[in-house]
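1. Below is the sequence, then the predicted model.
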Amino acid sequence: MRLTFLGHACFLLETSRARLLLDPFLTGNPAAAARAEDITCDYLLLSHGHEDHTGDALALSRRLGAPIIANFELAEYFAAQGAKVHGMNPGGGFNFPFGRVKLTLAHHSSSAEAGLRPIYLGSPCGLLIQADGKTVYHAGDTALFLDLQLIGKAGIDVALLPIGDNYTMGPEDAAAALDLLRPRLAVPMHYNTWPVIAQDPARFAALAAAGGHAVKILAPGATLEV
Ligand code: NI
Ligand code: MN
């Protein structure tokens, strides 16, 4: 399968049977490597409700007829606006035509902006995707937590981990997460989009290397064969 980094936490995962767009945020994304209007995909997978992970989900789902796979509340929120959805919850997996998706724990928050009071949208999640004999883990936005050990038991080929700090793990905690996840390869995400999450990914790679972990830094637009 092919994995293309589209900037921030957005990835296109092309399996033999479907194109999956993870955390679609291209419009208004300073790091976007593609325009939402130019994207085609078969499914949209969302880790949580924040706009920097869901921004283009509704428009893409409507235009392409692609189902949104997300936690139950987030799925219902988009279903009420005309999207095709498949709601799940942490710990639950489902066999889709392209492979299996399991939502995992993530320690974060999940909401949509709505004036004075945000709409709270279920549990933040990670995405564990198994297709074509490979396992890809998109951690979503999360803190470091010990249960990453359990997620690692799936035997992860590629782990996509936030390193931006402030809202999520920073480089040190992301490197510590690798000791628990033990993936074949890690790719940093969720950094340098805005000044508040400015990070040097080479520093993360060096910390990871000290623990014996392989890191591939993808520039927005770069593709990796998984
Ligand atoms: Ni978030
Ligand atoms: Mn985020």
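-> Right, received. Where do you want to start? Numbers count the residues shown, from 1 in each chain. Ligands and ions are numbered 1, 2, ... in the order given.
2. Run through the residues of the chain sitting next to ligand 1.
-> 50, 141 (Cβ under 5 Å from the ion). Where you see a C-beta, it was placed from the backbone N, CA and C, and this is true even at glycine.
3. What ranges does the chain have for its helices?
-> Using DSSP state H, the helices assigned to the chain run over residues 51-54, 57-64, 72-79, 148-152, 171-181, 201-210.
4. Name the nearest residue to residue 223, ignoring sequence neighbours.
-> Nearest non-adjacent residue to residue 223, counting by Cβ to Cβ, 6 or more residues apart in numbering: residue 4, 4.5 Å away.
5. What does the pLDDT read for the residue sitting furthest away from the middle of the chain?
-> Outermost residue of the chain with respect to the C-alpha centroid, by Cα atoms, centre = their mean, is residue 116; its distance is 27.3 Å. Per-residue confidence (pLDDT) for residue 116: 90.
6. That one and ligand 1, how far apart?
-> The gap separating residue 116 from ligand 1 is 20 Å, by Cβ to the ion, to the nearest Å.
7. Relative to residue 49, how far out is that residue?
-> 17 Å (Cβ to Cβ, to the nearest Å).
8. Please give me every residue in contact with residue 226.
-> 1-3, 134, 136, 157-158 (Cβ atoms under 8 Å, 6 or more residues apart in numbering).
9. Just the ones of the residues you listed in strands?
-> Among these, DSSP state E puts 2-3, 134, 136, 158 in strands.
10. Looking at those residues, state which has the most neighbours.
-> residue 136 (27 neighbours; other Cβ atoms under 10 Å).
11. Run a quick check on that residue versus residue 12, I expect a contact.
-> No - contact criterion Cβ atoms under 8 Å: residue 136 and residue 12 do not qualify, at 11.7 Å.
12. Now for these two: what residues contact both?
-> residue 3.
13. quick one on the thing from earlier: quick check: the farthest pair among the contacts of residue 226?
-> The span of the contacts of residue 226, defined through Cβ to Cβ, is set by 2 and 157 at 12.8 Å.
14. Show me which residues of the protein are close to ligand 2?
-> Contact residues, the chain versus ligand 2 (Cβ under 5 Å from the ion): 52, 141.
15. so how far is ligand 2 from residue 202?
-> From residue 202 to ligand 2 the distance is 22 Å (Cβ to the ion).
16. Could I get the contacting residues of that residue?
-> residue 217.
17. Next one: it relative to residue 171, how far apart?
-> Applying Cβ to Cβ, the value for residue 202 to residue 171 is 10 Å.
18. again, but for residue 211
-> Residue 211 sits 12 Å away from residue 171, going by Cβ to Cβ.
19. before we move on, what about residue 139?
-> 14 Å.
20. quick one: which of these two has more around it?
-> Per other Cβ under 10 Å, whichever of residue 139 and residue 171 has more neighbours is residue 139, with 28 against 23.
21. May I ask you to confirm that residue 147 is in contact with residue 107?
-> No - if you go by Cβ under 8 Å, residue 147 and residue 107 don't touch, sitting 9.1 Å apart.
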